[in-house]
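Need coordinates for the below:
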Amino acid sequence: MKITVGVPVYNGASHLAESLACLERQTRGDFKVLVFDNRSTDETPAIVRAFCDRDPRFTYFRQAENRGPARNFADVLDAADTPYFMWRAHDDLSSDDFIEKTAAVLDRDEGLALAASRVVSEKIMPDGTIARTREIPFRLARKSGRVSNITANLGVMHQSWFYGLWRRAAIHDIWHRIYGAYPYAWASDFLMIYAALVGGGIGGTDAAVFRQRIFAKPSQHASQAAPRDAADLKTRRDLFAHLCRAEAGFDALPALDRLRLGLAIDRFTSDRVGSRQKLLKLRLKAQR
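Below you'll find the predicted structure:
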């Protein structure tokens, strides 16, 4: 096997079968699926075991205790032993050739850490209807000069690139380096994509599609991930920006490059973690 698909899940019965069936249909077959169940209390175990019974590429692992979403993501990554790796959320989908097309990108260029794709983002209402669809082509500017290349691409990175196909050694290093320093789910996906960008290691294709499904009723984990108050937001902003600078070797750059990159990182931090205006509003709210 060349590819491992990690599916971390907790109480995902409402959408899990559809997501696993999408993997089962993939046109490139040299992959295995590891489903790491974070002690679900719904029908998740039965759904996964049905796939395991009919397809030997699927393996089910049930955690001894609920380890939280981030740790479950890390555990399935640590269990992978193939050259390529990708996460698949229990409620996301893709085109049936997603693995084939993104693997071809990595196969062609050994310097890449991540292969992403076109994204179709759908807002799903509680009754299952699609309220909004937005298509985001894969675009990556190629600029001469490392700082120019970084600053040109901070605004085009999409969070769903995190669910692209990674070179396992690269994402293992990035995950443990980033999450060890930034222990928040909020915006951590952008930090990891940024780490791959800074290393010059992102490629992609418009031939495959990742379907990001945003549900009108957010999950409990999503609501818990947001900054709680002004102090929490400031801590996250400062840490996020610090790690962006560190990944880029900021202190060793020429003065003009530090100025350009510093301004770009400040905008990136505001866009992905929370703006200075939001920070001010939270402070004023706390004083009332």
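
buried ones in the host helix or strand of residue 234?
Assigned by DSSP states H and E, residue 234 belongs to helix 230-247. By neighbour count on 16 or more other CB atoms under 10 Å, the buried set for helix 230-247 is 230, 233-234, 236-237, 239-241, 243-245, 247. For every residue, glycine as well, the C-beta is placed using N, CA and C.

who touches the next helix or strand after it?
Using DSSP H and E, the helix or strand that follows helix 230-247 in sequence is helix 255-272. The contact list for helix 255-272, computed with CB atoms under 8 Å, 6 or more residues apart in numbering, reads 147, 150-151, 154-155, 187, 190, 194, 237, 240-241, 244-245, 248, 250-251, 253, 276.

now swap in stretch 154-164 and tell me
86-89, 92, 102, 114-117, 119, 121, 136, 139-141, 189-190, 192-194, 197, 202, 204, 210, 212, 264-265, 267-268, 271.

Give me the mean pLDDT for stretch 46-55.
Mean pLDDT, stretch 46-55: 98.

C-alpha coordinates for that stretch, CSV please?
Written as CSV, here are the backbone C-alpha positions of stretch 46-55 (Å, rounded to 0.1, in the frame of the first residue of the first chain):
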residue,chain,number,x,y,z
ALA,A,46,-21.6,-0.8,13.4
ILE,A,47,-21.3,1.4,10.3
VAL,A,48,-17.5,1.0,10.2
ARG,A,49,-17.5,-2.7,10.9
ALA,A,50,-19.9,-3.2,7.9
PHE,A,51,-17.2,-1.7,5.6
CYS,A,52,-14.5,-3.7,7.3
ASP,A,53,-16.4,-6.9,6.7
ARG,A,54,-16.7,-6.4,3.0
ASP,A,55,-13.5,-4.5,2.2
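
in it, what counts as buried?
47-48, 51.

Now do the helix holding residue 234 and helix 255-272, the angle between them.
140 degrees (axes from the mean of the first three to the mean of the last three CA atoms, to 10 degrees).

Give me the mean pLDDT for helix 230-247.
96.

Give me the contacts around it.
178, 181-182, 184, 186-187, 191, 194-195, 198, 227, 251, 261-262, 265-266, 268-270, 272-274, 278-279, 282-283, 285-286.

Check stretch 199-212 too.
92-95, 97-98, 100-102, 104-106, 108-109, 111-122, 137-138, 140, 146, 149, 159-161, 163-164, 167, 170, 193, 196.

picking that back up, out of the buried residues of stretch 46-55, who's nearest residue 68?
Set against residue 68, the nearest of these by CB to CB is residue 48 (19.7 Å).

That closest one and residue 37: what is the separation?
7 Å (CB to CB, to the nearest Å).

between those two, what contacts are shared?
If you check residue 48 and residue 37 against CB under 8 Å, 6+ apart, the residues they both contact are 9, 60.

Please point out which parts of the helix or strand containing residue 147 sit buried.
Using DSSP H and E, residue 147 falls within helix 146-153. Within helix 146-153, the residues scored as buried using 16+ other CB under 10 Å are 147, 149-151, 153.

swap in stretch 165-178?
165-168, 170-172, 174-175, 177-178.

and those, which of them are in helices?
Counting by DSSP state H, the buried residues of stretch 165-178 place 168, 170-172, 174-175, 177-178 in helices.

and the two most separated of those residues?
168 and 178 (15.6 Å).

Report the separation between the nearest residue to residue 286 once chain neighbours are set aside and residue 150.
Among residues not flanking residue 286 along the chain, residue 230 sits closest, at 6.0 Å (CB to CB, 6 or more residues apart in numbering). Between residue 230 and residue 150 the distance is 29 Å, computed by CB to CB.

report the angle between the axes of the helix holding residue 147 and helix 230-247?
Going by the same axes, to 10 degrees, helix 146-153 makes 140 degrees with helix 230-247.

Remind me what helix 146-153 packs against, helices and strands.
Packed against helix 146-153 by the contact rule (3 or more CB pairs under 8 Å, 6 or more residues apart in numbering; DSSP states H and E) you find helix 188-198, helix 255-272.

just the ones you listed: most buried one?
helix 188-198 (a mean of 23; mean count of other CB atoms under 10 Å).
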